[in-house]
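Chemist: attaching a predicted model along with its sequence, questions to come.
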Amino acid sequence: MKITRPRTALFALAVSALGAAGMGVAVAGGPGLRIESIPQAQPKAVGISSPNVLARPWVDVELVRGSQPLENPDANASHYGYYTSDLPMVPLPPSTAEKTKSEPDKNTYLIFKNGLSGPDHAYDYGTHFLFQGHEGGSNSYLTRVNLDADAAHKVTLLGAIGDAFFDGSSWNPFASRLLLTGENNSAGGGVWQATPDFPSTLQKLDFLGWAGYEGVQTASDGSIWLVADVGGSKGTTNTHARQPNSFIYRFVPAEPTDLTKGGALQALQVIGSDGKPIVFHAGAADADILSQGIKDLHAYGQWLQTRWVTVHDTSIAGGMSAFDANLAAKAAMATPFKRPENGVFRPGTGFSEFSFSETGDTDLRTEAGAAYGGFGGIFLLQQHDPSADKGRLRLVFRGDPNHTGLDNIAWFTKEQVAAVEDAGDTVHTQRNALDSGFLFSIRQSPPDPVRFLAEGRDPSATIDSYLLDSGATGFPNEGDNEITGIHVSNGDPSVAGLLGRQAPHPFSDGWRVFWTQQHGDNVTFEILAKLSDHDHTTSG
């Protein structure tokens, strides 16, 4: 039957922020974003599965789950969320064995008006598509969810590579290629470009090296911005904190329409309050963990000067070969962060503002605390334009035990950026709270987070968490779920549709919102303003 919510139940869309506050309801402002803040995260309990909670009046619609068979399975991948094997998807007692999960990650939504090809040459795959790289397993793969297709053609396997741990994805309209990042901080990782059709041509861009790359975005000048996540060493005395060890990169291509021609890779350098660059010190984990420079980065109310330093140039002999970009950034005196994860351009600023998240230590016992970035945060880099060599950086939000492990981010409006947690099972247990998604107002300092998603835990993840805690030998999957792939887009594949150029209008004018509940059942959702708006139906 069709579910239609009475208009009176949607009062949060009409009330003002002041009026809602008077009723004890926290509200995120802006057309279509007047939502009731969820008061608390879902608790974690052994053996207990719990539902996701989405801020009213928003609703989730499931698009695809891990058990969806691929239309063209191969010896490596059989399902959207599982690798090929004869093992069951959930353990059959007394065995603890189960299929290895693929962990679909960052979503990229695109509309191709002329359609795209697939394995079934007689089938019309439609025009709306959602792409994902898969992070888990020993052979990462790329999928395309055909949003207009039937069940038999719902998910197409586009291609696979080695143990890259695909994490980030985005669209580069200048080269008409998907960009995929491999988080593996070794020669297996790096950056790939791929065609969106079938079979996809995946090409590794060796000259970008490897650095635990995750976030990837294209700017209006054709430059490629990369956010890397490489965990540092634990301190000797600060045994629950890690040395900042990850960098923000910008690749300036020689030819934006053909990245294979190479270019220059740069890394961000931040100047501390003492006028000197904040840099990595080899063999000095404890000193870096509690350094004044790291404290400067995580202090509210100040702008720190920045500049880009070159770490690699393909015009130099041997420059087209693969290399360790993390080591190169350290040698160039770039500034290390505590595991930055994802970055996006702020819309409506001419690509002059770039925000990125920082995960932190994912252990509430961290000796770094909030002041030294132990719980991560959100930053905003401001430049005259994306090609500028200098700029300035400020802290937007400093993480705390209730808002930590910030991972994927996406702008919902010009003023509100969403960040979702990947706090990890250790933190889930320590705070008895699972992950959440928050909206942060860029104009508030510090902003008051509005919780729009309190993630639960599906039955598969509940079982996995229990098996891991019980010490199951050789168990291949992670415990608990993770929020990933938060993505707001109208699907425009042209240069005019670059994320950051147009002001988003979630739930209207073709703008859609996606996220994935990673691990467990590996389900990808779309968020709707309310179910009746899109005439979704359910049987019953």
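Modeler: Sure, I can see it. Numbers count the residues shown, from 1 in each chain.

Chemist: how about the helices in the protein?
Modeler: Counting by DSSP state H, the chain has helices at residues 17-22, 285-289, 292-297, 325-331, 425-431, 459-469.

Chemist: any chance of these in TSV, with mean neighbour count, distance to L393 and mean pLDDT too?
Modeler: (C-beta placed from N, C-alpha, C; glycine too.) Shown next, in TSV, are the helices of the chain (neighbours: other C-beta atoms under 10 Å; distance: least, C-beta to C-beta, whole Å; pLDDT from 0 to 100):
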stretch	mean neighbour count	distance to L393	mean pLDDT
helix 17-22	13	29	33
helix 285-289	21	18	98
helix 292-297	20	8	98
helix 325-331	21	16	98
helix 425-431	19	26	94
helix 459-469	20	36	94
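
Chemist: and the most centrally placed residue in the chain, what pLDDT?
Modeler: Nearest residue to the geometric centre of the chain (C-alpha atoms, centre = their mean): N408, 2.8 Å. pLDDT recorded at N408 is 97.

Chemist: check the one 3 residues further on too.
Modeler: Predicted confidence (pLDDT) for W411: 98.

Chemist: and it, how many neighbours?
Modeler: 22 (other C-beta atoms under 10 Å).

Chemist: run a quick check on it versus V488, I expect a contact.
Modeler: Yes. Counting by C-beta atoms under 8 Å, W411 does reach V488; the two are 6.5 Å apart.

Chemist: can you check which residues contact both of the two?
Modeler: Here W411 and V488 share the contacting residues A418, P504, scored by C-beta atoms under 8 Å, 6 or more residues apart in numbering.

Chemist: give the residue farthest from the middle of the chain.
Modeler: P94 (36.4 Å).

Chemist: next, give phi and psi for it.
Modeler: Dihedral angles of P94 (phi, psi; degrees, to the nearest 10) stand at phi -90, psi 0.

Chemist: ok, now how distant is it from L468?
Modeler: Taking C-beta to C-beta, to the nearest Å as the measure, P94 falls 17 Å from L468.

Chemist: just to revisit the earlier point, so what's the residue nearest to the centre of the chain up against?
Modeler: K106, E341, N342, S357, A419, V420, I483, T484, G485, I486, H487.

Chemist: the residue nearest to E71 when sequence neighbours are not counted: neighbouring residues, count only.
Modeler: Distances taken as C-beta to C-beta, 6 or more residues apart in numbering place H153 nearest to E71, at 5.2 Å, with adjacent residues excluded. Counted with other C-beta under 10 Å, residues neighbouring H153 total 18.

Chemist: what's the answer for S321, then?
Modeler: Neighbour number of S321 under other C-beta under 10 Å is 11.

Chemist: look up phi and psi at it.
Modeler: According to degrees, to the nearest 10, S321 has phi -90, psi 160.

Chemist: so how far is D206 from it?
Modeler: The separation that S321 has from D206, given C-beta to C-beta, amounts to 6 Å.

Chemist: and the nearest residue to D258 once chain neighbours are set aside, how far is that from G222?
Modeler: Nearest residue to D258, sequence neighbours excluded (C-beta to C-beta, 6+ apart): A175, at 6.4 Å. According to C-beta to C-beta, A175 stands 9 Å off from G222.

Chemist: mutual contacts of the two, please.
Modeler: Common contact partners of A175 and G222 (C-beta under 8 Å, 6+ apart): P256, T257.

Chemist: separation between F345 and H153?
Modeler: In terms of C-beta to C-beta, F345 sits 34 Å off from H153.

Chemist: same question for R457.
Modeler: Taken as C-beta to C-beta, the span from R457 to H153 is 31 Å.

Chemist: the closest residue to T362 other than its chain neighbours: neighbour count?
Modeler: Nearest non-adjacent residue to T362, counting by C-beta to C-beta, 6+ apart: G424, 4.2 Å away. Neighbours of G424 under the rule other C-beta under 10 Å: 20.

Chemist: could you report the distance from the closest residue to Q305 other than its chain neighbours to E353?
Modeler: Leaving out its chain neighbours, the residue that sits closest to Q305 by C-beta to C-beta, 6+ apart is I271, at 4.4 Å. Going from I271 to E353 by C-beta to C-beta gives 19 Å.

Chemist: and the lowest mean pLDDT element among the helices and strands of this structure?
Modeler: Across the helices and strands of the chain, mean confidence by mean pLDDT, DSSP states H and E is lowest for helix 17-22: a mean of 33.

Chemist: stretch 476-485: end-to-end distance?
Modeler: End-to-end span of stretch 476-485 (C-alpha to C-alpha, to the nearest Å): 22 Å.

Chemist: in that stretch, what counts as buried?
Modeler: By 16 or more other C-beta atoms under 10 Å, the buried positions in stretch 476-485 come out as P476, N477, E478, G479, D480, N481, E482, I483, T484, G485.

Chemist: quick one, what contacts the third one?
Modeler: Taking C-beta under 8 Å, 6+ apart, we find E478 in contact with K101, E103, D425, D464, L468, H519.

Chemist: and if you look at the second one?
Modeler: Under the criterion of C-beta under 8 Å, 6+ apart, the contact partners of N477 comprise E98, T100, K101, G136, D464, H519.

Chemist: the last one and N481 touch, don't they?
Modeler: Pointing back at H519 there. Yes. Taking contacts as C-beta under 8 Å, H519 lies within contact range of N481: 5.2 Å.

Chemist: overlap in contacts of those two?
Modeler: A461.

Chemist: correct me, but I38 touches R451?
Modeler: Yes. Using C-beta under 8 Å, I38 is in contact with R451, at 4.3 Å.

Chemist: need the overlap of contacts for these two.
Modeler: In contact with both I38 and R451: A55, S436, using C-beta under 8 Å, 6+ apart.

Chemist: with adjacent residues omitted, what lies nearest to G188?
Modeler: Nearest to G188 is D163, by C-beta to C-beta, 6+ apart, at 4.8 Å.

Chemist: what's around the one you found, how many residues?
Modeler: For D163, using other C-beta under 10 Å, the count is 14.

Chemist: for L92, same thing?
Modeler: L92 has 11 nearby residues by other C-beta under 10 Å.

Chemist: any idea how far S78 is from it?
Modeler: 18 Å.

Chemist: repeat for V59
Modeler: 31 Å.

Chemist: repeat that for F247.
Modeler: 37 Å.

Chemist: of the two, give the one with the bigger neighbour count.
Modeler: F247 (29 against 18).

Chemist: am I right that the more buried one is in contact with T335?
Modeler: Yes. The criterion here is C-beta under 8 Å, and F247 meets it with T335 at 7.3 Å.

Chemist: any common contacting residues for the two?
Modeler: In contact with both F247 and T335: A267, L268, using C-beta under 8 Å, 6+ apart.

Chemist: low-confidence ranges in the chain?
Modeler: The model of the chain has pLDDT under 70 over residues 1-32, 531-540.

Chemist: can you map out the strands along the stretch 51-200 of the chain?
Modeler: 53-54, 59-64, 77-79, 82-83, 104-111, 128-134, 141-146, 155-160, 166-172, 177-182, 190-194 (DSSP state E, counting those that start in this stretch).

Chemist: list the helices and strands the fourth one packs on?
Modeler: Read that as strand 82-83. Here strand 82-83 touches no other helix or strand, going by 3 or more C-beta pairs under 8 Å, 6 or more residues apart in numbering; DSSP states H and E.

Chemist: so what touches that strand?
Modeler: 66-67, 76-77, 89, 99-102, 136-137, 139, 522.

Chemist: if we can go back for a sec, redo the strands of the stretch 51-200 of the chain as CSV? Include distance to A228.
Modeler: Shown next, in CSV, are those (distance: least, C-beta to C-beta, whole Å):
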stretch, distance to A228
strand 53-54, 31
strand 59-64, 29
strand 77-79, 26
strand 82-83, 26
strand 104-111, 14
strand 128-134, 16
strand 141-146, 20
strand 155-160, 23
strand 166-172, 10
strand 177-182, 9
strand 190-194, 11
